[in-house]
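Engineer: dropping a prediction and its sequence here:
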Amino acid sequence: MFGKNEVATATGMAGYLGAAAFTALFGVLVTQIGYSPLFVVLAVFDLIAAAVVCLMAKSSDKAPEPMWMSTEPVAVK
């Protein structure tokens, strides 16, 4: 989708635009309904995110077996 030199720019722009949009939306909602309901919603989102991370961590395959170094001597020329 993006070239090697464009990934950081796209990521930074997306983060900036997302933060700006969230701040604007949060400001409007605080004006309309207050802080308490929004903090409850944010707390619920944190719990959902933690559950998703736990489920994804459990469903991933177990760690691969470590690759042991050979104990055979190496000839040096």
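Structural biologist: All right, it came through fine. What you see is a predicted model; the values in this text were computed from it and never measured.

Engineer: from here on, just use CA atoms for contacts and neighbour counts.
Structural biologist: OK.

Engineer: tell me where this structure has strands.
Structural biologist: Assigned by DSSP state E, the chain shows no strands.

Engineer: how far is the helix or strand of it with the lowest mean pLDDT from where the chain is centred?
Structural biologist: When each helix and strand of the chain is scored by mean pLDDT, DSSP states H and E, helix 35-59 comes last, with a mean of 90. Helix 35-59 sits 13 Å away from the centroid of its parent chain (Cα atoms, centre = their mean, to the nearest Å).

Engineer: what does that helix contact?
Structural biologist: Residues outside helix 35-59 that contact it (Cα atoms under 8 Å, 6 or more residues apart in numbering): L29, V30.

Engineer: neighbours around W68, how many?
Structural biologist: When counting by other Cα atoms under 10 Å, one arrives at 6 neighbours for W68.

Engineer: got the buried residues for the lengthiest helix in the chain?
Structural biologist: Counting by DSSP state H, the longest helix found in the chain is helix 7-33. Of all the residues in helix 7-33, not one is buried under the rule 16 or more other Cα atoms under 10 Å.

Engineer: between that helix and helix 35-59, how many degrees?
Structural biologist: 140 degrees (axes from the mean of the first three to the mean of the last three Cα atoms, to 10 degrees).
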